[in-house]
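Peer 1: Test case, fold it:
(2 chains)
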2 protein chains.
Amino acid sequence: MKAAVFREPHKPLTIEDVEIDNPKSHEVLVRTAAVGVCHSDLHYIDGFYPTPVPAVLGHESAGIVEKVGSEVTYVKPGDHVITCLSVFCGHCEFCTTGRPYSCGNPETARSDEEPSRLMQNGAEMHQFYDLSSLAEQMLIHEHALVKIREDMPLDRAALIGCAVTTGFGAVINTASIEVGSTVCVIGCGGVGLSAVNGAAIAGAGRIIAVDINGTKLNIAKHFGATDVVDASQCDPVEAVKELTGGGVEYSFEALGLKKTSEQAFQMLRRSGVATIIGMVPVGEMLEIHGADLLGDKRLQGSDMGSNRFRVDMPRYVDFYLNGKLKLDDMISRRIALEDINEAFDEMKRGEIARSVVVFE
Amino acid sequence: MKAAVFREPHKPLTIEDVEIDNPKSHEVLVRTAAVGVCHSDLHYIDGFYPTPVPAVLGHESAGIVEKVGSEVTYVKPGDHVITCLSVFCGHCEFCTTGRPYSCGNPETARSDEEPSRLMQNGAEMHQFYDLSSLAEQMLIHEHALVKIREDMPLDRAALIGCAVTTGFGAVINTASIEVGSTVCVIGCGGVGLSAVNGAAIAGAGRIIAVDINGTKLNIAKHFGATDVVDASQCDPVEAVKELTGGGVEYSFEALGLKKTSEQAFQMLRRSGVATIIGMVPVGEMLEIHGADLLGDKRLQGSDMGSNRFRVDMPRYVDFYLNGKLKLDDMISRRIALEDINEAFDEMKRGEIARSVVVFE
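Peer 2: Next up is the predicted model:
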């Protein structure tokens, strides 16, 4: 099959032929229909997070089941599925307490010692996040898939695999915002727009979107932002404090930068909660004023939007089909796998919300 | 009346005669019965937090009502009361949503522009935290007092004014630990011991106490610690991770130091919550690995144990009288007001859990 291969940081991905294995007992072979081009992939290409090479990147995808392992009962060939960024085991301390997103059970997650299921001329190729979506086919554990309604368009379903799950989930699961509360979202890419949209659906009273790109801020208004702040023109912390009479109750950072993560904490009112959704590069330290904690303020991470994938993803699908989740407007461009490097370049320039690779 | 006066940082307090005003409409004049000697006072003496001088320090107290203002209906002369570190207004956004500890309404808190109610030879003296407990009498807003049972000994009731409220409250209100969960408390002074005791009463499965003083660790066992870690002998983060197979679900920092606050965050398992109870000096930054947030971890402050004073303090009193809250053992020494500087010196040397100034 054809796949986009990552060979070394800072270099373009190359489209190559890669061999994919047959499903083991709990695995599923999926024909990829669509893959969102996500900033997290770029973090790896830029070397901020380490990953073994060569690897097939890509992790925000949807497709159709082609073949299932001997023990798989959850899906059958022909089923439409969204892929998940983590595999849950279903029986560890995290899974049994409603936190399958925190499952780190080595029984299900593929260990680095295990031989990879992707090969090329007899040499192993790393399967990124146990998914490797930038390829015509994916071999996935049945616990890293969610079956969805067949009337859901797969290019938009792909966005639910990461951007929506992460951004929307952080709002409703990690932070559990209250109806009527004040919210600020920093960064209006796919994840940030999903957070804005999630906050609107969850009934936030005021949603302030922050970005340095006017086009994205206009899109954010369409997704439910009641106010926008152009951080290229002012100090967003001061602007948000002024708009809200002292700070927001909930802030969300959707970029993974040190500065904006710290700003998310600084713009809280007393008892406020800052949720960092973005992936801050490994080794980077966040600095907060210790004395600010006296105001009962909270800084928290969000692991994949604290999602219970099998429950939450079908809900996101319903929200889209009911017209509440604005996925149509999140997709800036549909591209072929061959155009993947151009899509990353556009993302770096901050020009677009989301490109989606579509397989014919 | 006699009071311990703070005139400049790093100098001993001096016992002086100070004049106290008559109660205004919502104020109450209280005869001080006992005052705990708390590390937070020391933070001000050491200049880590700013406060106007001259001032009468002290904030962990209990006493008996002497005189009430014209509008006061909550207490009457003769009632036994514990003082609170903050005044709630009862009608702002925080008070009406169950967070009176976050009330910052200037209507009730005394502003710096208002003339002080403490004077000396015609010159104003600052009333610390609107309390100034290290004095024979206190003039307090009725919303900064909690009426208690008269069978509660007042020297032990004083400890509820700060140490217990802060430590116990952080466990049950700020963090709301679950029954059976794993807890670590760093620092076993009055606040830390209250957190250990609170965790035991709240049904924590495992309570690991960390300190560098063996005597305090032994006291912690009596308060409910199931395990102790002497941080002078090992890296407490590694020790706690080893004891718990990867980290605790809840950690509490009760010292207000940068290093131990960061350790509290580092010793969390996935989805863990670190609560900083101690007062980190103004200007000091806490640094955490941004990438650690991906594990759904949380760092939060606790404002006075997130207490609803009028509800929580009588509960703490009941816990003491039922034998569950070990206040007898928290008091290392009972001293006279004149011995206050010696008590701070002992505290600096980390020798004792809590001294209490008792007025005859």
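
Peer 1: From the chain's centroid, how far away is stretch A:188-199?
Peer 2: Mean-position distance between stretch A:188-199 and its chain equals 11 Å (C-alpha atoms, centre = their mean, to the nearest Å).

Peer 1: What residues of it count as buried?
Peer 2: A:188-199 (16 or more other C-beta atoms under 10 Å in any protein chain shown). Heads up, the C-betas are built off the backbone N, CA and C, glycines and all.

Peer 1: Surely A:N341 is in contact with A:K11?
Peer 2: No - A:N341 is beyond contact range of A:K11, at 9.4 Å (criterion: C-beta atoms under 8 Å).

Peer 1: sorry, back to before: next, format the buried residues of stretch A:188-199 as JSON lines and append distance to B:R310, pLDDT and secondary structure.
Peer 2: Shown next, in JSON lines, are these (distance: C-beta to C-beta, whole Å; pLDDT from 0 to 100; DSSP: H, G, I helix; E, B strand; the rest coil):
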{"residue": "A:C188", "distance to B:R310": "44", "pLDDT": "94", "secondary structure": "coil"}
{"residue": "A:G189", "distance to B:R310": "47", "pLDDT": "90", "secondary structure": "coil"}
{"residue": "A:G190", "distance to B:R310": "47", "pLDDT": "91", "secondary structure": "helix"}
{"residue": "A:V191", "distance to B:R310": "43", "pLDDT": "94", "secondary structure": "helix"}
{"residue": "A:G192", "distance to B:R310": "42", "pLDDT": "96", "secondary structure": "helix"}
{"residue": "A:L193", "distance to B:R310": "44", "pLDDT": "96", "secondary structure": "helix"}
{"residue": "A:S194", "distance to B:R310": "42", "pLDDT": "97", "secondary structure": "helix"}
{"residue": "A:A195", "distance to B:R310": "38", "pLDDT": "98", "secondary structure": "helix"}
{"residue": "A:V196", "distance to B:R310": "39", "pLDDT": "98", "secondary structure": "helix"}
{"residue": "A:N197", "distance to B:R310": "41", "pLDDT": "97", "secondary structure": "helix"}
{"residue": "A:G198", "distance to B:R310": "37", "pLDDT": "97", "secondary structure": "helix"}
{"residue": "A:A199", "distance to B:R310": "34", "pLDDT": "98", "secondary structure": "helix"}
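
Peer 1: export the residues you listed to JSON lines and tack on distance to chain B?
Peer 2: Below are the buried residues of stretch A:188-199 laid out as JSON lines (distance: C-beta to the nearest C-beta, whole Å):
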{"residue": "A:C188", "distance to chain B": "20"}
{"residue": "A:G189", "distance to chain B": "18"}
{"residue": "A:G190", "distance to chain B": "18"}
{"residue": "A:V191", "distance to chain B": "14"}
{"residue": "A:G192", "distance to chain B": "16"}
{"residue": "A:L193", "distance to chain B": "21"}
{"residue": "A:S194", "distance to chain B": "17"}
{"residue": "A:A195", "distance to chain B": "15"}
{"residue": "A:V196", "distance to chain B": "20"}
{"residue": "A:N197", "distance to chain B": "22"}
{"residue": "A:G198", "distance to chain B": "17"}
{"residue": "A:A199", "distance to chain B": "19"}
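
Peer 1: Same list, the residues you listed, but as a markdown table with distance to B:K76 please.
Peer 2: What follows is those, written out as a markdown table (distance: C-beta to C-beta, whole Å):
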| residue | distance to B:K76 |
| --- | --- |
| A:C188 | 59 |
| A:G189 | 62 |
| A:G190 | 63 |
| A:V191 | 58 |
| A:G192 | 57 |
| A:L193 | 59 |
| A:S194 | 58 |
| A:A195 | 53 |
| A:V196 | 54 |
| A:N197 | 56 |
| A:G198 | 52 |
| A:A199 | 49 |
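
Peer 1: all strands of the stretch 151-300 of chain A, in order?
Peer 2: In the stretch 151-300 of chain A, the strands defined using DSSP state E, counting those that start in this stretch lie at A:182-186, A:206-211, A:227-230, A:248-253, A:268-276, A:285-289, A:298-301.

Peer 1: per the record, what domains does chain A have?
Peer 2: Per automatic domain parsing, the structural domains of chain A span A:2-161+A:306-358, A:176-301.

Peer 1: which one of the ones you listed is the most hemmed in?
Peer 2: Most buried of those by mean neighbour count (mean count of other C-beta atoms under 10 Å in any protein chain shown) is domain A:176-301; its value is a mean of 22.

Peer 1: ok, A:Q266 - contacts?
Peer 2: A:237, A:292 (C-beta atoms under 8 Å, 6 or more residues apart in numbering or on different chains).

Peer 1: same thing with A:K216?
Peer 2: Applying C-beta under 8 Å, 6+ apart, we find A:K216 in contact with A:188-189, A:193, A:350, A:353.

Peer 1: Also A:V317?
Peer 2: For A:V317, the contacting residues are A:148-149, A:152, A:157, A:160, by C-beta under 8 Å, 6+ apart.

Peer 1: for the helix or strand bottoming out on mean pLDDT in chain A, the distance to its chain's centre please.
Peer 2: Here the helix or strand of chain A ranked lowest by mean pLDDT, DSSP states H and E is helix A:39-45, holding a mean of 86. Relative to its parent chain, helix A:39-45 has a centroid offset of 11 Å by C-alpha atoms, centre = their mean.

Peer 1: Also stretch A:89-102?
Peer 2: 20 Å.

Peer 1: do it and chain B meet?
Peer 2: Yes - using C-beta under 8 Å from any C-beta of the partner chain, stretch A:89-102 reaches chain B at A:94, A:99, A:101-102.

Peer 1: Great, nothing more from me.
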